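Trainee: structure for the following, please:
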Amino acid sequence: MAQEGPNPIEVYEGVVQQMQPIMAAVRADQLSGSTPCAEWNVQALINHNIKVSQFFNSILAGTGGVNPMEVEVPLPEEGAAAAFEAATSGLLATAKATDLGKVFEAPFGSMPAGQLIM
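Mentor: Numbers count the residues shown, from 1 in each chain. Down below sits the predicted model:
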């Protein structure tokens with residue numbers, strides 16, 4: 001079946017390109033600041049963004065074990081920007097090697113890989 005709608009990999013790459021400078025611009029004195037997500041501060045939201053990419057990568061790779069809601073942990077030693085880059089690059093590499101029409105099981109239901117990464 002032909003793909004309908006936008007290319008999921010291109011959409012994800014675009015989002016990553018928009019978020020990278022934001023991650024790189026966060027200063028240490030901003031990490032405890034509030035966010036629109038009332039339960040999470042800036043540090044927790046950064047951790048969530050990193051872990052979401054790792055989580056979806058683990059689903060596509062069949063490795064599991066990443067909890068995207070485990071956010072009350074220190075930022076990775078390499079820093080937010082580098083950790084975000086590593087996580088998103090890993091997901092993109094896995095997604096590019098995956099049939100985007102293949103259906104995967106996720107905690108929120110079954111869906112094709114292309115929908116999963118969007």
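Trainee: residues of stretch 6-18 that come out buried?
Mentor: Of the residues in stretch 6-18, 8, 9, 12, 16 count as buried by neighbour count, 16 or more other C-beta atoms under 10 Å. The C-beta positions use only the backbone N, C-alpha and C, and glycine is treated the same way.
Trainee: double-check that residue 104 belongs to a strand.
Mentor: Yes: counting by DSSP: H, G, I helix; E, B strand; the rest coil, residue 104 is part of a strand.
Trainee: so what's it bridging to?
Mentor: Applying DSSP bridges to residue 104 yields these beta-bridge partners: residue 111.
Trainee: thought it was touching residue 113?
Mentor: Yes: look at residue 104 against residue 113 with C-beta atoms under 8 Å: they come within range, at 6.0 Å.
Trainee: any residues in contact with both of the two?
Mentor: The overlap between the contact sets of residue 104 and residue 113 (C-beta atoms under 8 Å, 6 or more residues apart in numbering) consists of residue 60.
Trainee: looking at these two, which is more packed in?
Mentor: Neighbours around residue 104 and residue 113, counted as other C-beta atoms under 10 Å, are more numerous at residue 113. The numbers are 21 against 16.
Trainee: phi, psi of the more buried one?
Mentor: phi -50, psi -40 (degrees, to the nearest 10).
Trainee: what sits against it?
Mentor: For residue 113, the residues meeting the contact criterion (C-beta under 8 Å, 6+ apart) are 8, 60, 95, 98, 99, 100, 101, 102, 103, 104.
Trainee: in strands, which of the residues you listed appear?
Mentor: 103, 104 (DSSP state E).
Trainee: could you export the contacts of residue 113 as JSON lines, including pLDDT and distance to residue 48?
Mentor: What follows is the contacts of residue 113, written out as JSON lines (pLDDT from 0 to 100; distance: C-beta to C-beta, whole Å):
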{"residue": "8", "pLDDT": "95", "distance to residue 48": "20"}
{"residue": "60", "pLDDT": "95", "distance to residue 48": "19"}
{"residue": "95", "pLDDT": "96", "distance to residue 48": "19"}
{"residue": "98", "pLDDT": "96", "distance to residue 48": "23"}
{"residue": "99", "pLDDT": "96", "distance to residue 48": "28"}
{"residue": "100", "pLDDT": "95", "distance to residue 48": "24"}
{"residue": "101", "pLDDT": "94", "distance to residue 48": "28"}
{"residue": "102", "pLDDT": "96", "distance to residue 48": "26"}
{"residue": "103", "pLDDT": "96", "distance to residue 48": "25"}
{"residue": "104", "pLDDT": "94", "distance to residue 48": "21"}
